[in-house]
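Asks: here is my input; please provide its structure:
(2 chains)
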Amino acid sequence: MKIVRYFTLLAFVIFMSCEKHKENFDVPGTGQITIKLNLLHELLGNTIPLNYQTPYQNALNQTYFFDDFRMYISNITLRDTTGTHYYKVPESYHLVEMIDNPDTAIVIKDLPNSYYTEINFSVGVDNNANYSTDQIGDLDPANGMAWDWNTGYKFLYLKGERILADSTRRGLVYHIGSDANYRTIRFTNKEISLDRNNNLTINLDVHVDYIFGNKNLPEQTNPDVGPVNYYIDLNDDSSNDTMYGPNTQKIADNYAQMFEWKEITVE
Amino acid sequence: MERNYSRIIAYLSCMMILGACGTSKKEDPQASVISYQNIPDPKRNLMTEERVALGKMLFNDPILSGNGKIACIDCHDQKYGYGENVALSTNGITGEPLKRNSPPLINIAWANGWFWEGGAKNIESLIFGPLTHPNEMGANLKEMVNTLNDHPEYPRLFQKAYQTKKIKSAYIARALAVYCRSLISNQSRYDQYLRGEINFSYDELKGMSLFQAKCGSCHPSPFFTDFNYHNIGLDNVFPDTLEGLYQGRGRITLEDNDMGKYKTPTLRNLFATAPYMHDGRLQTLEEVFDHYENGVKDYVSLAPQMRKGISTSEEEREMILTFLKTLTDSTFLGLE
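Replies: Numbers count the residues shown, from 1 in each chain, chains lettered A, B, ... in the order given. All right, here's what the predicted structure looks like:
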């Protein structure tokens, strides 16, 4: 009986503290968060900013370089400690393009001031938006990321060349999309205190090389064991690794692992 | 006496059935299916008069193309049912023959997927295909949008139709889609027959029942297409070159069981839309009959109706063709 009473009291205290927590941290007004994506790539053992026309090597020692890299980041969502209160950024579709500078930033304005502990977003375009391409903003097909003969968006667009063992050069082209390759990335247990500061910057490292497999880790193909890490064979010339062929889901599982939380700073 | 009665009853019921077929005084419920009011339009792009008019203007305007010389109408000509009279068009910006027969645009609002293999999920999204294809209209969307925004008339028309200050590629696609949906064919003799306005001849009736028995499973009334995808045995090798172009529906679903399937074309205005098939390989309807009779190639995805082919005698072909002529809509084709 006594135990039950204790539990009731405990539950009450927890309940109260939750309520109090929420009251304290929800302050009126809005703020802004900038998500800074630092596009990086491994080169001779160093992790340095991604560069076009630089010879890289994947885990299978195949040499390649990029001359175009683009992807969609979408549906940025913030959650507070309770996990039940969340704010989904409306019309959140962001084309990340590396033109000359590997620093790219997504600025989200008018966020309700609150204490958030989780941020999540997806690589790709959710099926609702992916099933029609007559859209404006970053989804405008004028941006060159829409498929016409099979309606949808390229979630990830890679173009470059690969160099074969006999030094001949071949195209390196990955256009990856479809529902099966939509991946959501979550960062939990973070202190995103938009209640105290209304202009924050979240720095994320994006390890572009992980798209073909993180060569610092062994290949791991069993999702039951832990995060997968597929070594992608660039010389697989079958149609399996275009659009939504069977291999593209391995690449999607890889790009789901390429984001790393660095720091959050107050502007 | 009893026997006589039964003979009379049999005779009378025969007359009644024949009479019902021949005169069709009552309106068939299918008669009203294809109408402007029934056009299925998505919420974000409802049919309005301003939009249809704007779409029509764009459809006829070469300003959209990369070199300012090619309009939609150049491959989608009204007199060919908004299709073309060649197998593979050379009317595009480069003059290179295209890989597919320009599809006629007849009642396409009711389809479930667009292009021959149904990869486009709506007409708005489809529009960007021919607009930007390097061998079709070769448009650079950014340049096209700038050109239209600088145009003396278009900004006002888009403002009226879409309440937008700035023209964007999405609104161009939407206006063209609305116009394509408005291209409905429902004025053929067959439609008049359905509405109970005219009678069919004996040959037309006979042709209709033969048609229903032999072709009706994939070409049902009132659209004369089931809007589905079938492999009718044109090929049995499906290379994966050109992003799976020769695989038909299989390139969309990645299923072996969908290889070589293409969308059933409507048979409305059939006599205006030769040549036939997704690549226009069959020049005449005689060749089409011959294919069904003895040209079918086997594959796992072959339509079950094609397993034994569809054989037709000369006389049956004549009758079926007599019926198919009733599907010609000269108002739609602009011949009246």
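Asks: residues of the stretch 101-250 of chain A that sit close to chain B?
Replies: A:131-136, A:140-142, A:146, A:148-152, A:238-239, A:242-245 (CB under 8 Å from any CB of the partner chain). Every C-beta, even on glycine, is put in place using the N, C-alpha and C of the backbone.
Asks: rerun that using 7 Å as the cut-off
Replies: Residues of the stretch 101-250 of chain A lying close to chain B by CB under 7 Å from any CB of the partner chain are A:131-136, A:140-142, A:146, A:148-151, A:239.
Asks: now the two most distant members of these.
Replies: Between any two of these, the greatest separation by CB to CB is 32.1 Å, found for A:I136 and A:S239.
Asks: and those two? Which one has more around it.
Replies: Using other CB atoms under 10 Å in any protein chain shown, the more surrounded residue of A:I136 and A:S239 is A:S239, with 17 against 14.
Asks: what does chain B have sitting close to chain A?
Replies: Checking chain B against chain A by CB under 7 Å from any CB, the hits are B:115, B:119-122, B:124-125, B:128-129, B:132, B:141-142, B:145, B:168-170, B:173-174, B:240, B:244, B:252.
Asks: which ones among those residues are found in helices?
Replies: The helices, defined by DSSP state H, take in B:124-125, B:128-129, B:132, B:141-142, B:145, B:169-170, B:173-174, B:244, B:252 from these.
Asks: quick one: buried ones out of those?
Replies: Buried residues within these, defined by neighbour count using 16 or more other CB atoms under 10 Å in any protein chain shown: B:124-125, B:128-129, B:132, B:141, B:145, B:169-170, B:173-174, B:244, B:252.
Asks: any stretches of the stretch 1-150 of chain A with poor pLDDT?
Replies: For the stretch 1-150 of chain A, the stretches with pLDDT under 70 are A:1-27, A:83, A:100, A:102.
Asks: what segments of it are helices?
Replies: All helices of the stretch 1-150 of chain A, identified by DSSP state H, counting those that start in this stretch, fall at A:2-25, A:127-130.
Asks: pull out the buried residues from the last one.
Replies: If I follow you right, that is helix A:127-130. For helix A:127-130, a neighbour-count test (16+ other CB under 10 Å) marks A:129-130 as buried.
Asks: contacts for that helix?
Replies: Applying CB atoms under 7 Å, 6 or more residues apart in numbering or on different chains, the set of residues contacting helix A:127-130 from outside is A:93, A:135, A:139, A:152-153, A:179.
Asks: of those residues, keep whichever come out buried.
Replies: Among the contacts of helix A:127-130, the ones that count as buried by 16+ other CB under 10 Å are A:93, A:135, A:139, A:152-153.
Asks: quick one on the thing from earlier: grab the two from the ones in helices among the residues of chain B next to chain A that are most spread out in space.
Replies: B:V145 and B:G244 (30.4 Å).
Asks: ok, which stretches of the stretch 101-250 of chain B are strands?
Replies: Under the criterion DSSP state E, counting those that start in this stretch, strands of the stretch 101-250 of chain B are mapped to B:229-230.
Asks: apologies, that question was intended for the stretch 1-150 of chain A.
Replies: Under DSSP E, counting those that start in this stretch, the stretch 1-150 of chain A gives strands at A:30-43, A:46-49, A:56-57, A:63-80, A:86-88, A:93-97, A:103-112, A:115-123, A:146-147.
Asks: so A:A105 touches A:T34, yeah?
Replies: Yes: A:A105 is within contact range of A:T34, at 5.4 Å (criterion: CB atoms under 7 Å).
Asks: quick one on the thing from earlier: quick one: which of the residues of the stretch 101-250 of chain A next to chain B is nearest B:F227?
Replies: Closest to B:F227 out of those is A:T151 (16.5 Å), distances taken as CB to CB.
Asks: so what's the residue of the stretch 151-267 of chain A found nearest chain B up against?
Replies: Per CB to the nearest CB, A:T151 is where the stretch 151-267 of chain A lies closest to chain B, at 4.0 Å. For A:T151, the contact set (CB under 7 Å, 6+ apart) comprises A:131-133, B:119-121, B:125.
Asks: can you get me a residue count around A:D224?
Replies: 5.
Asks: check which helix or strand it maps to.
Replies: Counting by DSSP states H and E, no helix or strand carries A:D224.
Asks: again, but for A:N254
Replies: Take DSSP H and E as the rule and A:N254 turns out to sit in helix A:248-255.
Asks: show me what whatever helix or strand comes next after that helix is packed against.
Replies: Per DSSP H and E, the first helix or strand lying C-terminal to helix A:248-255 is strand A:259-266. With contacts defined as 3 or more CB pairs under 7 Å, 6 or more residues apart in numbering or on different chains; DSSP states H and E, the packing partners of strand A:259-266 are strand A:199-207.
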